[in-house]
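Peer 1: task: produce atomic coordinates for the following.
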Amino acid sequence: MGAVTVLTPIVILAWPAFSAVVTAAAATLGYQVAAATTAHRAAAKEERERPTRVELEIDQSELVTDQLARDQSLTVERDGVQVTFSRDARGRAALCVTGVGRTEEALRVLGQELSQRVVQRHVYQRLMDEIRARQFVVVEEEVDEHHAIRLKVRHWDG
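Peer 2: This next block holds a predicted model:
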């Protein structure tokens, strides 16, 4: 008697979940998903102007990178700044921020802001899934000026 385990569908299902989290978090900060043609334009432009490039580690990456397949990447852009989330063949997650005419510190701040928002969005989605699974109801949700989210939930026994 034998058994076959197929892991590929997990990766296929996980990538859309991760890209949805990144896209949602990026949208709250005004970023848009970069089209594939943008990479070609950026490569041609890079030959003319060298952009500043900053590589960052994703804080609490274990929360989100389990959904990012190896050798996958997702790029979002805003105001000439491109942020690429990627995971290499060894499973190491990275965040690369590039922009022409920007300082390394400015790019680092933008990258950290976006990565923190991605982690927050991921945790929020997992929390909401758990709330629904346990049949709680969100009765109040607030987002303060620092983007902290406060939820008030209730559970009624029927």
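
Peer 1: report the contact partners of residue 132.
Peer 2: Residues counted as contacts of residue 132 (Cβ atoms under 8 Å, 6 or more residues apart in numbering): none. (Each C-beta comes from the backbone N, C-alpha and C, glycine too.)

Peer 1: quick check: which element contains it?
Peer 2: helix 104-133 (DSSP states H and E).

Peer 1: give me the mean pLDDT for that helix.
Peer 2: Along helix 104-133, the predicted confidence averages to a pLDDT of 90.

Peer 1: got the CA coordinates for the helix or strand that that helix is followed by in PDB?
Peer 2: Once helix 104-133 ends, the next helix or strand along the chain (criterion: DSSP H and E) is strand 137-143. Included here for strand 137-143 are C-alpha records, laid out as PDB according to Å, rounded to 0.1, in the frame of the first residue of the first chain:
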ATOM      1  CA  VAL A 137     -19.100  38.900  15.000                       C
ATOM      2  CA  VAL A 138     -17.100  42.200  14.500                       C
ATOM      3  CA  VAL A 139     -19.300  44.900  16.100                       C
ATOM      4  CA  GLU A 140     -16.700  47.700  15.800                       C
ATOM      5  CA  GLU A 141     -13.500  48.300  13.900                       C
ATOM      6  CA  GLU A 142     -11.400  51.400  14.300                       C
ATOM      7  CA  VAL A 143      -8.200  52.500  12.500                       C
END
